[in-house]
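Enquirer: Structure, please.
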Amino acid sequence: MRPQRTDLLRGTLDLLILKALHLEPLHGVGISRRITQITRDAFQVSFGSLFPSLHRMEEKGWVEAEWRASENNRRAKYYRLTASGRAQLKAEEREWNQVVKIMTAAVESA
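Expert: As a prediction, the model looks like this:
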């Protein structure tokens, strides 16, 4: 039996990070856990992919970060969506839904 494919498609990591931060600010480990949770364990994001993406998103103004104590009293950088990040999330969701429609039509064609 072929192993389940769990590689993220190009461009989907941004959408998953934005979605993970939609409800509340989270630190890196929290974002990774939330992505695993919302994908029902289908995706686990490595920190080697997560943190460069978060840094890039900070530069674009989609997220802001602040240092504060985590749930276990360790210093952690918490990320939260900005207004620009919320707008980007909506745009990414629209784009993803369009890709799903196109791919579904292609796969279901005769």
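Enquirer: and residue 64, bridged to which residues?
Expert: Note on residue 64: beta-bridge partners by DSSP bridges are residue 80.
Enquirer: residues contacting it?
Expert: Under the criterion of C-beta atoms under 8 Å, 6 or more residues apart in numbering, the neighbours of residue 64 are 58, 79-80, 82. Where you see a C-beta, it was placed from the backbone N, CA and C, and this is true even at glycine.
Enquirer: next one: residue 39
Expert: residue 16.
Enquirer: One more: residue 36?
Expert: Residue 36 touches 43-45, counting by C-beta under 8 Å, 6+ apart.
Enquirer: swap the cut-off to 6 Å and go again
Expert: residue 44 (C-beta atoms under 6 Å, 6 or more residues apart in numbering).
Enquirer: and it, what helix or strand is that in?
Expert: Per DSSP states H and E: residue 36 is located in helix 28-38.
Enquirer: tell me the mean pLDDT over that helix?
Expert: Confidence over helix 28-38, taken as the mean pLDDT, stands at 96.
Enquirer: for stretch 69-76, same thing?
Expert: Per-residue scores along stretch 69-76 average to 90.
Enquirer: ok, and what's touching that stretch?
Expert: By C-beta under 6 Å, 6+ apart, stretch 69-76 touches 27, 67.
Enquirer: now with 10 Å?
Expert: 26-30, 65-68, 77-78 (C-beta atoms under 10 Å, 6 or more residues apart in numbering).
Enquirer: Report the separation between residue 88 and residue 46.
Expert: 22 Å (C-beta to C-beta, to the nearest Å).
Enquirer: what helix or strand does the nearest residue to residue 96 once chain neighbours are set aside sit in?
Expert: Leaving aside its sequence neighbours, residue 96 sits nearest to residue 15 (C-beta to C-beta, 6 or more residues apart in numbering; 5.9 Å). Assigned by DSSP H and E, residue 15 belongs to helix 12-20.
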